[in-house]
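1. Return a 3D structure for these sequence lines:
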Amino acid sequence: MLVDINLLPQNEKGSRQWLYVVIGVLSVGILALFVLFLLSFNIGKDVDVLTTELQSTKQLRAEKEQSISDFESSDAWVQLESAVRWAESYPIDTVPVLNHLVELLPERGFVKQFTYAEDGSIQLSIQFDTSSEAAFYLTHLKESRYIQEATLLALATEDISENDSLSAVNTETILPRYIGQYEVTLNRVEIKKMETEETSDEQGGDSE
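-> Numbering: from 1, shown residues only. Prediction:
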């Protein structure tokens, strides 16, 4: 009768299983550490980007605040406030004013340029056929109750074509045209009365 005697250790198979378990746990731990490293690296980059943007925003804000401070301390701020106060105190409609200035022109007088300054003065460039018309227009301006002061700053000639000179109707020999530069200061009180009268006339016309 044969007897099978096994002299090898019986726990060799169990030892291998524990070894596999330990290797698996170590592998999972290493993989987890690698993933955590990648996440922390990406988060660090995002934090650096946000920090840079925050610093840029703070610098831009500081520059804007400095610009505002410089503007408020400069004469430009004072001039702007003065212009706003003037506009609020003396709002004048330029359309009636321009219409009145055109009414004072001679038959062949034309407004070439109209500039309304912040101080209430008006710069006019007027075209005439003769120099005497420019002088008469200045007289009409000074006689107007809507104008406080009028000055003829310059009178220059402008050459015209032969056809234009033949078609012009005047007692003088017309060779050039004359361009008069005027500066006009409005009588604001009378201008406001004129605007009030026109508004009343319009309302009266509508009621009829």
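2. Quick check: chain neighbours aside, which residue is closest to A154?
-> With sequence-adjacent residues excluded and distances taken as Cβ to Cβ, 6 or more residues apart in numbering, A154 is closest to Q181, at 4.3 Å. Glycine gets a C-beta too; all of them are placed from N, C-alpha and C.
3. burial of the one you found, as a residue count?
-> Neighbourhood size, Q181 [other Cβ atoms under 10 Å]: 17.
4. what sits against it?
-> By Cβ atoms under 8 Å, 6 or more residues apart in numbering, Q181 lies in contact with 123-125, 152-156.
5. What is the burial count for Y146?
-> Applying other Cβ under 10 Å, I find that Y146 has 19 neighbouring residues.
6. How about T130?
-> Quick note: T130 (other Cβ under 10 Å) scores 19 neighbours.
7. do S40 as well
-> S40 has 10 nearby residues by other Cβ under 10 Å.
8. what helix or strand is it on?
-> Using DSSP states H and E, S40 falls within helix 12-73.
9. Report the buried residues of the strand ranked longest in the chain.
-> Longest strand in the chain by number of residues, with DSSP state E as the criterion: strand 147-159. Neighbour-count burial for strand 147-159 flags 147-148, 150, 152, 155 (criterion: 16 or more other Cβ atoms under 10 Å).
10. with these in mind, which one is nearest to Q59?
-> Q59 has its nearest neighbour among the buried residues of strand 147-159 in Q148, at 52.5 Å by Cβ to Cβ.
11. Look up how far D93 lies from that closest one.
-> 17 Å (Cβ to Cβ, to the nearest Å).
12. quick one, domains of this protein?
-> 24-73, 91-207 (automatic domain parsing).
13. Take these and write them to a markdown table, including distance to E81 and mean pLDDT.
-> Converted to a markdown table, the domains of the chain look like this (distance: least, Cβ to Cβ, whole Å; pLDDT from 0 to 100):
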| stretch | distance to E81 | mean pLDDT |
| --- | --- | --- |
| domain 24-73 | 10 | 80 |
| domain 91-207 | 12 | 80 |
